[in-house]
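Just need the structure, nothing else, for what follows:
(one chain, ligands or ions: 1)
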Amino acid sequence: MDAKSPRNVTHSSHWGAFSARVVDEKLLRVLPFPGDPDPSPLLRNFEGDGNSRARVLQPSIRRGWLEGRERGTAHRELRGRDSYVAVSWDEALSLLAHELRRVYDLQGADAIFGGSYGWASAGRFHHAQSQLHRFLNLAGGYTRSINTYSQGASSVVFPHILGVTVTDLLQQSSDWRSIEQHTKLFVAFGGVPLKNASVCAGGTGQHQVGGHLRAAQGAGARFVLVSPQRRDLPDWLDVDWMAIEPGTDTALMLALAYVLDAEDLADQAFLRRYCVGVEDWLAYIRGVVDGVAKTPDWAGPITGIAPDRITVLARHMARQRTFLTTSWSVQRSWYGEQPIWASVALAALIGQIGLPGGGVGHGYGMTSSTGQPFVAKMPTLAQGMNPIDKFIPVARIADMLLDPGGTFEYNGNTLRYPDIRLVYWCGGNPFHHHQDLHRLRRAFARPETIVVHEPYWTTTARHADIVLPATTTLERNDIGCSGNARHMFAMQRALPAAGAARSDYEIFAALAQRLGFSREFTEGRDEMAWLEQLYESWRAVLPVEQGAVPPFAVFWKQGVIELQPKHIEPQVFLAEFRRDPEKNPLRTPSGRIEITSDTVRRFGYNDCPGYAAWREPPEWRGSKLAQDYPLVLIANNPATRLHSQLDAGPFSAASKVSGREPMCIHPDDANLRGIAAGDVVRAFNARGSLLAGAVISDTLKRGVVQLSTGAWLDLQLLEEANERSGKPGGVRTCVHGNPNVLTADCGTSRLAQGCVGQISLVQVELFKGRAPAQHAWEAPPLSGNVSDSNNAVGS
Ligand code: PGD
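Numbering: from 1, shown residues only. Model prediction:
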């Protein structure tokens, strides 16, 4: 077909399937998949040319590294503000192959950090982490990371309480049909925010969470929202909003448990048959352990919720079919293990775990997947074996780089940080996702070499020594699906690669050739041959209930196939266990729900004892620090993009206020500070400072401000910082509004070491200086000019 004639190309993304209307090799429009009842507005971010300014178009080497590394300096401190030299693919790959060999030979494989956390793009073959891990495993191995920024605490605590991993949980969760049919009271700690249900890893053809909420309400369910933000459930839903103090959900749950216990409403038969350790927990709740009974009167001043509302809610919970769910955000904070544990223990007292419409869940609305019936395992690229057994919990990256050889606690073990010399990142943006970004900058000044594959000049790319231009999802072929979604999409190449960009696969294939394991890495296949192999080996082991699934050629031509959910009947979490706990014990040491875990108790962690307990977080409204920083900042996931992806796209860009990320502030807090809608405000604490655009809203609790993650970092020295907070010589301020300059970099507890990015204490003031424009979406200074012939694929 003539490249100029318009064509529609089937494709998919983490935020939904679509067809790309392409004219003259340019993307004109994105049209949502017609089968999607509620397509995500995030699709618009693919359109326009806002993102193209920041494309990495050529392999680029940081000048300080290029000029200094022979002399052993490499000017690591310049990372993040250095200029780059464009080089040919041949030169870049030779430099990198040499560097990898040097580090493997001199320092060993555990000196290479290949954790490379990040969402990258949908697509089973071009999954950036899988490509990197397959490559590094063949090269000799690497230090890896475990767990996620999403569910850092819950992924470690659930196996102790219920014997399930978070992956099991996603597959086994009670599905929305069972909730619609049976739930009378739906209590959502942290809500079911539709902005998050817009996305799921791998994408979906059907966004259905809004429809399920509507159906449940239509069938008579009542919703209680426990959150500092009303927007955590849709405004069209009739909701009883308990505007809780951020970080205090555990205290509320303990008080609810207190009422159930005190008023003899706990289901004793359930507790006896299915649980262990309830008496120890109740002794703590009654105040036998620490002299403090966890009554509603105790919880009222902590949570900001009136004691009588707590009492009434507990009674309602016991008297009707009640479903409790916690968001991922409530555990992304200090002692994040506790609200998860408390929610399960509370549901156990209610006694409805394993019954349709009752019991407990986690992560409803956090992606579109939770509560959708499991369909099938996905085609997966084999990563091989890593001969190195060193790992860190993912959010401990800065600790590792700053403290080689240092020890840390994790889930009952004392471990040691390796001495990392080379960091290899592919498909993630730590200068978006990590906390305390000034500290991360210091950590990123440590390794000898940092390598990043990126389509865009993100802040992470700007901290790398070797930056290799990666294609975007639209520039390659792939297969899009996720385990809890019914459709599988052919993700067909829509656009030619920008500049000299190559897919991660092509980059690793060329590197593997230089390092002598090309055959093992590629197995002799090109992109299309890999897609066919992945699809056909997946199709060969599909369960019979999937019926006839067409061969690859037919699938590719059709662009989409529809699969069947594994269970026809509504799925109920732990129903088998409830039916017969002897025959279907949980995978906990006792085989029962561990309201108290002897295993965790034996670890001896005071920040995570053997049952759910209230610990005052270092940063909350009640802490001493609140005298200086009286507002609680919620730094949650954005509504206008996935994390930091396509921040310059039209939907995300249009949401900026005065050229910056919008910060929501309650009218009373705004009035107190003389802030009006649209003003540029400065938020700061001892860790950092940022500018944002004010949005005045009473949809959040007084004393709370909200700023989404994902605005690309743009640190500028502001000489004109306000007198009250100004420092001599100015303050390095993110003028775009990336909240992770303000968040704390420490673990949830010694158990899980998850990230605590959700909540921090800050002060906010009207910015009185001349606010500079943000330049985060532009490429850094680049010298050198490389002819296209140098860049041919395969060099
Ligand atoms: P993304 O913006 O998705 O963020 O952090 P994550 O690092 O996943 O980054 C993906 C990067 O991959 C982008 O820069 C994109 O351009 C690049 N990319 C896309 N496709 C490809 C590809 O094919 N190849 C290559 N090489 N690159 C590609 C997300 C993380 O942030 C998560 S999951 C959560 S839940 C956390 N949430 C919070 C929070 O609530 N609060 C705070 N304060 N901080 C958080 N950080 C965490």
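
OK, contacts around the closest residue to the ligand within the chain?
Using CB to the nearest ligand atom, G757 is the residue of the chain that sits closest to the ligand, at 2.7 Å. Just so you know, the C-beta spots here come from the backbone N, C-alpha and C atoms, and that holds for glycine as well. G757 makes contacts with 149, 332-333, 435, 635, 709, 739-740, 743-744, as judged by CB atoms under 8 Å, 6 or more residues apart in numbering.

List just the nearest of the residues you listed to G483.
For the contacts of G757, the residue nearest G483 by CB to CB is Y149; the value is 20.2 Å.

What parts of the stretch 1-150 of the chain come near the ligand?
118-121, 126, 128, 149-150 (CB under 6 Å from any ligand atom).

What about the contacts of G757, which are in helices?
Within the contacts of G757, no residue falls in helices by DSSP state H.

Can I get stretch 97-109 in CSV, CA atoms only?
Taking C-alpha atoms only, stretch 97-109 is exported to CSV below (Å, rounded to 0.1, in the frame of the first residue of the first chain):
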residue,chain,number,x,y,z
ALA,A,97,30.0,-4.4,24.9
HIS,A,98,33.5,-3.5,26.1
GLU,A,99,32.1,-1.9,29.2
LEU,A,100,30.0,-5.0,30.0
ARG,A,101,32.9,-7.3,29.5
ARG,A,102,35.1,-5.1,31.7
VAL,A,103,32.6,-5.1,34.6
TYR,A,104,31.8,-8.9,34.3
ASP,A,105,35.6,-9.7,34.2
LEU,A,106,36.8,-7.3,36.9
GLN,A,107,33.9,-7.1,39.3
GLY,A,108,31.6,-10.1,38.6
ALA,A,109,28.0,-10.4,37.7
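
Contacts for it next, please.
Contact partners of stretch 97-109, identified using CB under 8 Å, 6+ apart, comprise 111-112, 139-143, 387-388, 419, 421-422, 448-449, 451, 466, 511, 514-515.

Sketch out the low-pLDDT regions of the chain for me.
Counting by pLDDT under 70, the chain contains low-confidence ranges at 1-4, 720-729, 785-795.

most centrally placed residue in it?
The chain has S150 as the residue nearest its centroid, 3.9 Å off, counting by CA atoms, centre = their mean.

For that one, list the residues it contacts.
Here S150 is in contact with 328, 332, 366 (criterion: CB under 8 Å, 6+ apart).

Let me know how buried the first one is, in neighbour terms.
The number of residues packed around W328, counting by other CB atoms under 10 Å, is 27.

That one contacts T370, doesn't it?
No - judged on CB atoms under 8 Å, W328 makes no contact with T370 at a distance of 9.5 Å.

Could you name every residue contacting both of the two?
The contact sets of W328 and T370 overlap at 362-363 (CB under 8 Å, 6+ apart).

who in the stretch 501-650 of the chain is up against the ligand?
So the stretch 501-650 of the chain meets the ligand at 504, 635-637, 642-645 (CB under 6 Å from any ligand atom).

again, only using 5 Å
635-636, 643-645 (CB under 5 Å from any ligand atom).

Tell me, how many residues neighbour the nearest residue to T743 once chain neighbours are set aside?
Among residues not flanking T743 along the chain, Q435 sits closest, at 4.0 Å (CB to CB, 6 or more residues apart in numbering). Neighbour count for Q435, taken as other CB under 10 Å: 24.

Equivalent analysis for L100, please.
Look at L100: counted by other CB under 10 Å, it has 22 neighbours.

phi, psi of it?
Here is the backbone geometry of L100 (degrees, to the nearest 10): phi -60, psi -50.

and the residue nearest to the centre of the chain, how far is that from N196?
To N196, S150 is 10 Å away according to CB to CB, to the nearest Å.

How about D607?
Distance of D607 to N196, computed by CB to CB: 27 Å.

which one of these two has more residues nearby?
Per other CB under 10 Å, whichever of D607 and N196 has more neighbours is N196, with 27 against 16.

tell me which element that one falls in.
Taking DSSP states H and E as the definition, N196 sits inside helix 194-197.

who's in contact with that helix?
Residues from elsewhere that reach helix 194-197, judged by CB under 8 Å, 6+ apart: 207, 209-210, 234, 365-368, 637-639.

what distance separates that helix from the centre of its chain?
13 Å (CA atoms, centre = their mean, to the nearest Å).

now check that helix, is it near the ligand?
No - using CB under 5 Å from any ligand atom, we find that helix 194-197 stays clear of the ligand, coming within 9.0 Å at best.

Much appreciated, bye for now.
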